[in-house]
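Peer 1: pasting the structure only:
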């Protein structure tokens, strides 16, 4: 993506008497050609977390490009709220092959505003209860499909339920497990490849017919084929259920004409793939948390039974499950699915007293922000009670925004929290969990964070 009509060398004159803006410090450890990309590729979470030691804004090199890294939660809030910072930069450029250029995730300006108006009704707070029965069915189906004592592959199972909820609620499709498996396998390959392309921008080398490049291209092609199948099936059915896909197929552009096929395709991709990836990753980390912190799993079970009186947990119970919600938020704090974000400055601006030139790319890490000891006592401890109202009031405003903020705030935040709450409550009520031999819950870093290979065994309560 590019920013039109921007000259990075043009600098607006300072107002009379205004303090001279500083240049941010440069992070150490860069190497020729790759800059800091090799450190970002080798140990990205540690690298992004260590940048806070150098200041609130730090310059890093990704290949030949200078990128401005923001480490302060207040300044990340400024990025989200200031219209001078657009969705663009290394992350979004790496995602274009998946998300396209015409979907709500990557659009800016008037196009983004029109697309938000199209999809927002499906995610309004008063629209979420219509999805409640589907969410309940899928949550309880997990508890029935998993058998006590039988090892569960958390990766495939988490993707399966995330895809099924999205497809059944938003696309009204009864997409069976085979498609969920295809999406799971393809997304794992695509997101790893996109991360490499972001941190080590080697350009033409990624077009060579190397095995890794062929695997990436095959996985990407299968993702887009899957989306085309979904759209074609809906059109062939002649049905027009009240869902997001119908809204897209009937949407009009600013001239009153139907939106183009590419935009419909890109919008469905944005609905089905990043959402499934982030929700699935969060479910994996929740399973790890339930296994590693059985005391909180027990508290969830007790809370659910107190609310339901022993009946199966239902959508109507979600708002009453306070501790369950706090466990989910704490899991997202320590292991955010979206751990890195980028923006681009469309005009020269100021952040924390530093000059950000027009056209500059900006990067920040929710993972690093949400683990900052300046914002959190015992910052590395899993402590859901830190989200009790009296303690949460002490957390800086933008130190925990898992769904972002401002006009780029994820429209599906309430939808996502409802399904995560139901899934967590249903599982913790029926089972205790333990990791089994061969399980590897170390963090695997791609565009999102997930465990390398989490294997858990449900134990009947």
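Peer 2: All right, it came through fine. Small disclaimer: the values here were computed from a predicted structure and weren't measured.

Peer 1: remind me, longest helix of this protein?
Peer 2: helix 261-292 (DSSP state H).

Peer 1: What residues of it count as buried?
Peer 2: Of the residues in helix 261-292, 263-291 count as buried by neighbour count, 16 or more other CB atoms under 10 Å. Yep, even glycine has a C-beta here, placed from its N, CA and C like the rest.

Peer 1: Any idea which helix or strand in the chain has the lowest mean pLDDT?
Peer 2: Across the helices and strands of the chain, mean confidence by mean pLDDT, DSSP states H and E is lowest for helix 90-99: a mean of 63.

Peer 1: Name the next helix or strand downstream of that one, please.
Peer 2: Downstream of helix 90-99, the next assigned helix or strand under DSSP states H and E is helix 109-119.

Peer 1: which phi and psi does the closest residue to residue 455 other than its chain neighbours have?
Peer 2: Nearest non-adjacent residue to residue 455, counting by CB to CB, 6 or more residues apart in numbering: residue 439, 4.0 Å away. With angles defined as degrees, to the nearest 10, residue 439 sits at phi -70, psi 140.

Peer 1: what is the residue nearest the centre of the chain paired to in the beta sheet?
Peer 2: Centroid-nearest residue in the chain: residue 338, 3.9 Å away (criterion: CA atoms, centre = their mean). With DSSP bridges as the criterion, residue 338 is bridged to residue 448.

Peer 1: How about the contacts made by it?
Peer 2: Residues in contact with residue 338 (CB atoms under 8 Å, 6 or more residues apart in numbering) are 278, 366, 402, 448.

Peer 1: per-residue confidence for it?
Peer 2: Per-residue pLDDT puts residue 338 at 90.

Peer 1: All the strands of the stretch 51-200 of the chain, in order from the start?
Peer 2: In the stretch 51-200 of the chain, the strands defined using DSSP state E, counting those that start in this stretch lie at 57-62, 65-70, 85-86, 152-153.

Peer 1: One more: the stretch 351-461 of the chain?
Peer 2: Under DSSP E, counting those that start in this stretch, the stretch 351-461 of the chain gives strands at 354-356, 361-364, 431-435, 440-445, 449-453, 455-460.

Peer 1: Select, out of those, the one closest to residue 63.
Peer 2: strand 361-364 (11.4 Å; CB to CB).

Peer 1: other SSEs contacting that closest one?
Peer 2: Secondary-structure packing of strand 361-364 (3 or more CB pairs under 8 Å, 6 or more residues apart in numbering; DSSP states H and E): strand 65-70, helix 73-81, helix 90-99, strand 341-345.

Peer 1: Could you pull out the buried residues of stretch 234-241?
Peer 2: Result for stretch 234-241 [16+ other CB under 10 Å]: buried residues residue 234.

Peer 1: Just the endpoints, please. Distance across it?
Peer 2: 10 Å (CA to CA, to the nearest Å).

Peer 1: just for this structure, where's the confidence low?
Peer 2: Across the chain, the ranges flagged by pLDDT under 70 are 1-19, 88-108, 112, 173-178, 180-181, 195, 198-201, 408.

Peer 1: Let me see the contact set for residue 420.
Peer 2: 279, 282, 283, 286, 328.

Peer 1: at 6 Å instead, please
Peer 2: Applying CB atoms under 6 Å, 6 or more residues apart in numbering to residue 420 gives the contacts residue 328.

Peer 1: can I assume residue 362 is in contact with residue 343?
Peer 2: Yes. Under the criterion of CB atoms under 6 Å, residue 362 makes contact with residue 343 at 4.7 Å.

Peer 1: Look at these two and report which has more neighbours.
Peer 2: Set residue 362 next to residue 343 and count neighbours by other CB atoms under 10 Å: residue 343 wins out with 26 against 23.

Peer 1: what's the closest non-adjacent residue to that one?
Peer 2: Spatially, and ignoring its direct neighbours in sequence, residue 343 is nearest to residue 85 (4.2 Å; CB to CB, 6+ apart).

Peer 1: burial count for that neighbour?
Peer 2: 25.

Peer 1: swap in residue 147?
Peer 2: 11.

Peer 1: Quick check: it vs residue 221, distance?
Peer 2: Here the criterion is CB to CB, to the nearest Å. By it, residue 147 lies 36 Å from residue 221.

Peer 1: do residue 376 as well
Peer 2: According to CB to CB, residue 376 stands 43 Å off from residue 221.

Peer 1: Those two: which is more packed in?
Peer 2: Between residue 376 and residue 221, counted using other CB under 10 Å, residue 376 has the larger neighbour count: 20 against 12.

Peer 1: gap between the more buried one and residue 271?
Peer 2: Counting by CB to CB, the separation of residue 376 from residue 271 is 33 Å.

Peer 1: where do the strands sit along the stretch 201-350 of the chain?
Peer 2: Assigned by DSSP E, counting those that start in this stretch, the stretch 201-350 of the chain shows strands spanning 341-345, 349-351.

Peer 1: Of these, which is nearest residue 304?
Peer 2: Each of the strands of the stretch 201-350 of the chain has some distance to residue 304 by CB to CB; the shortest is strand 341-345, at 33.9 Å.
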